[in-house]
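**Q** Give me the fold of what follows.
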Amino acid sequence: MATDTSQLEGLRILVAEDEGLIALELETVLQGFGCEVVGPVSRVAEVLRRAGHGDLDGALLDVNLRGEQIFAILPQLIALGLKIIITSGYDDATLFPPEFRDLPRLAKPFDERALRAMCEATFLRSSTN
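**A** Alright, predicted model coming up:
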């Protein structure tokens with residue numbers, strides 16, 4: 001089975017995760033897909049700061065970063081045009097505010113194939129400039 005990194009090759013993806021081992025795993029897997037990982041960051045304010053630079057192709061955002069939920073800044077990130085995948089230990093959409101339930105979401109622990117498929121579907125859609 002050949003590994004094709006070309007579709008995600010070179011994409012700059014922000015990783016927001018406060019659990020060190022999970023952050024390291026995400027970084028390794030994304031790099032294996034050919035992505036350039038920005039971060040990982042572990043604070044909501046840092047997510048906003050990094051996203052404000054405007055040089056990202058997408059973001060994988062843990063719902064809870066050091067006790068702060070990401071939902072407070074999602075409207076700002078969406079307004080910036082950032083393509084977002086929410087990551088959570090919970091796969092129940094009803095735990096999220098209604099306005100964010102339709103965002104792409106992955107439950108932890110991650111399945112590498114599902115992560116790749118979600119990244120391709122989310123970060124590559126209408127990415128032609």
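
**Q** Wait, R66 touches A16, no?
**A** No: with contacts counted by Cβ atoms under 8 Å, R66 stays clear of A16, the gap being 10.4 Å. (Glycine included, C-beta is placed from N, CA and C.)

**Q** which neighbours do those two share?
**A** Common contacts of R66 and A16 (Cβ atoms under 8 Å, 6 or more residues apart in numbering): S42.

**Q** and the two? which has more neighbours close in?
**A** Set R66 next to A16 and count neighbours by other Cβ atoms under 10 Å: A16 wins out with 27 against 9.

**Q** hey, where'd the strands end up in the protein?
**A** Taking DSSP state E as the test, the strands found in the chain are 12-16, 36-41, 58-62, 64-65, 68-69, 84-88, 105-107.

**Q** out of these, deepest packed?
**A** strand 58-62 (a mean of 26; mean count of other Cβ atoms under 10 Å).

**Q** which residues does the closest residue to L11 other than its chain neighbours contact?
**A** Leaving aside its sequence neighbours, L11 sits nearest to D57 (Cβ to Cβ, 6 or more residues apart in numbering; 4.1 Å). Taking Cβ under 8 Å, 6+ apart, we find D57 in contact with 11-13, 83, 123, 127.
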